[in-house]
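Chemist: need coordinates for the below:
(4 chains)
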Protein chains: 2
Amino acid sequence: MNSNSLLGFALMGLIFEQPMSGYDLRKVFTTTAMGSFSDSPGAIYPALARLEANGMIHGTVEESASLRKRRVFQITHTGFEALKAWLFKPVTRDDIVRGIGNLMLRFAFMDRTVGEARTIEFLRGFADEIEAYLPGLYQFLEAHGNGMPLSSRLALECGIQEYEMRLRWVKASAAQYEERKRNQP
Amino acid sequence: MNSNSLLGFALMGLIFEQPMSGYDLRKVFTTTAMGSFSDSPGAIYPALARLEANGMIHGTVEESASLRKRRVFQITHTGFEALKAWLFKPVTRDDIVRGIGNLMLRFAFMDRTVGEARTIEFLRGFADEIEAYLPGLYQFLEAHGNGMPLSSRLALECGIQEYEMRLRWVKASAAQYEERKRNQP
DNA sequence: AATGTCATGTAACTAGTTACATGATTTA
DNA sequence: TAAATCATGTAACTAGTTACATGACATT
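Modeler: Okay, the predicted model is just below:
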């Protein structure tokens, strides 16, 4: 099957939260904290076209009296199922090493799509994978740290600190979701 | 001119530190903390071929009695100049928002290439850009945090914490380089 | 004899980058 | 009326992904 790129999922997640045009989506990437995505039309319009060709979203031309006509996209049933399937994927070691950004994006979209229970499960998996990965980094630092150039060692230490920070954040976030779950049975 | 990709610079930096074969480079990506790069031959061998075609590196076939012959790459003068030019580039806002990984890689290679003074300058620029970017994130959180879904807000807060952590690291690293500079005049 | 590791590569596909193109409406 | 913003797209290029192919030597 045609699987979506990260940009594709980002677009679908945003469109799910609120139907939007390509131009609106570009603005989200330029003006909000989602600046890690490219706001170039050469990335977004082809991505939207692909999603539509795959039946994930559907665009309707909206003719306003004053402005130029715009195509507003909505997520389809198929698209929503694909989005949920993506959000439900288990957290892997590879996600931790090469795709932390993907995990953060998935988490950002979870609230209104998969519910507390699954969100907590996701955060548990996230924490587990970091906890499984970190000892190896410390071991590597122990074993090779002294022989490394200072800047390389500092860069490695920064990587470790990043994982430590994220682990703290994952646990604090899980706690917040646990509490919200308790308060709304 | 043909400019190199991040993978290209990673390969050049490693080859500069020690001449290596494609296979060695793959092993670096699988076994060390540089796991964010792909270790697939389909990425590395073409990248090496491009670098060689551009005169950045040069491979020599090494015939050992026992093992299969391997092509060991060395960096060329042109390549080293290109590497330094990359390391010397000023830190921009875009580097902070979309390419923190690039900055970290550049830093990791600085020690034996550009010297303390330039490394400190780089870290200052790094800190400045984070300090210029952070207030906007806090403002955004202040303005939209309450209206956001919980998971989105938490994701944003994680982003902020990451920048805060990195800022502390940058300052601590700069201090270490300052000290090293003082001790070796 | 079979499996695992060393070692280098190619081919088809995909998605993103940069740059260009167009035209309407709004503001200065 | 000139410039900025709204709005959508295309074309050429580039680099990375996945999967395949090959073969020597080492180990079990």
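Chemist: residue in chain A nearest to DNA strand C?
Modeler: Per CB to the nearest atom of the strand, residue A:42 is where chain A lies closest to DNA strand C, at 2.0 Å. Glycine gets a C-beta too; all of them are placed from N, C-alpha and C.
Chemist: helix, strand or coil: sort out that residue for me.
Modeler: helix (DSSP: H, G, I helix; E, B strand; the rest coil).
Chemist: count of residues packed around it?
Modeler: 8 (other CB atoms under 10 Å in any protein chain shown).
Chemist: let me see the contact set for the residue sitting nearest the centre point of chain A.
Modeler: For chain A, the residue nearest the mean C-alpha position is residue A:105 (1.3 Å; CA atoms, centre = their mean). The neighbourhood of residue A:105, defined by CB atoms under 8 Å, 6 or more residues apart in numbering or on different chains, consists of A:6, A:9, A:10, A:13, B:155.
Chemist: if we use 7 Å, what do you get?
Modeler: Residue A:105 sits next to A:6, A:9, A:10 when contact means CB atoms under 7 Å, 6 or more residues apart in numbering or on different chains.
Chemist: which residues of chain A lie near DNA strand C?
Modeler: Residues of chain A lying close to DNA strand C (CB under 7 Å from any atom of the strand) are A:2-8, A:38, A:40-43, A:46-47, A:50, A:66-68.
Chemist: chain A: strands as residue ranges?
Modeler: For chain A, the strands defined by DSSP state E occupy A:20-21, A:57-62, A:70-75.
Chemist: need the contact partners of the shortest one.
Modeler: Under the criterion CB under 7 Å, 6+ apart, residues A:14, A:70, A:71, A:72, A:73 lie in contact with strand A:20-21.
Chemist: domain map for chain A?
Modeler: Split into domains by automatic domain parsing, chain A comes to A:6-88, A:93-183.
Chemist: DNA strand D: which of these is closest?
Modeler: domain A:6-88 (3.0 Å).
Chemist: measure that closest one end to end?
Modeler: 15 Å (CA to CA, to the nearest Å).
Chemist: from the chain's centroid, how far away is it?
Modeler: Taking CA atoms, centre = their mean, to the nearest Å, one finds domain A:6-88 lying 15 Å from the centre of the chain it belongs to.
Chemist: mean confidence score for it?
Modeler: Throughout domain A:6-88, pLDDT has a mean value of 93.
Chemist: so does it get close to DNA strand D?
Modeler: Yes - contact of domain A:6-88 with DNA strand D (CB under 7 Å from any atom of the strand) involves A:21-24, A:26, A:41-42, A:45-46, A:48-49, A:59, A:64, A:67-68, A:70-72.
Chemist: what's the closest non-adjacent residue to residue A:111?
Modeler: residue B:149 (3.5 Å; CB to CB, 6 or more residues apart in numbering or on different chains).
Chemist: what's the angle between the lengthiest helix in chain A and helix B:150-183?
Modeler: Longest helix in chain A, counting residues (DSSP state H): helix A:150-183. Per axes from the mean of the first three to the mean of the last three CA atoms, to 10 degrees, the angle that helix A:150-183 makes with helix B:150-183 is 160 degrees.
Chemist: buried residues in helix A:150-183?
Modeler: Neighbour-count burial for helix A:150-183 flags A:150-159, A:161-163, A:165-167, A:169-170, A:173-174, A:176-177 (criterion: 16 or more other CB atoms under 10 Å in any protein chain shown).
Chemist: what is the neighbour count of the closest residue to residue A:55 other than its chain neighbours?
Modeler: Spatial nearest neighbour of residue A:55, excluding adjacent residues (CB to CB, 6+ apart): residue A:78 at 4.8 Å. Neighbour count of residue A:78, defined by other CB under 10 Å: 13.
Chemist: good, we can wrap up now.
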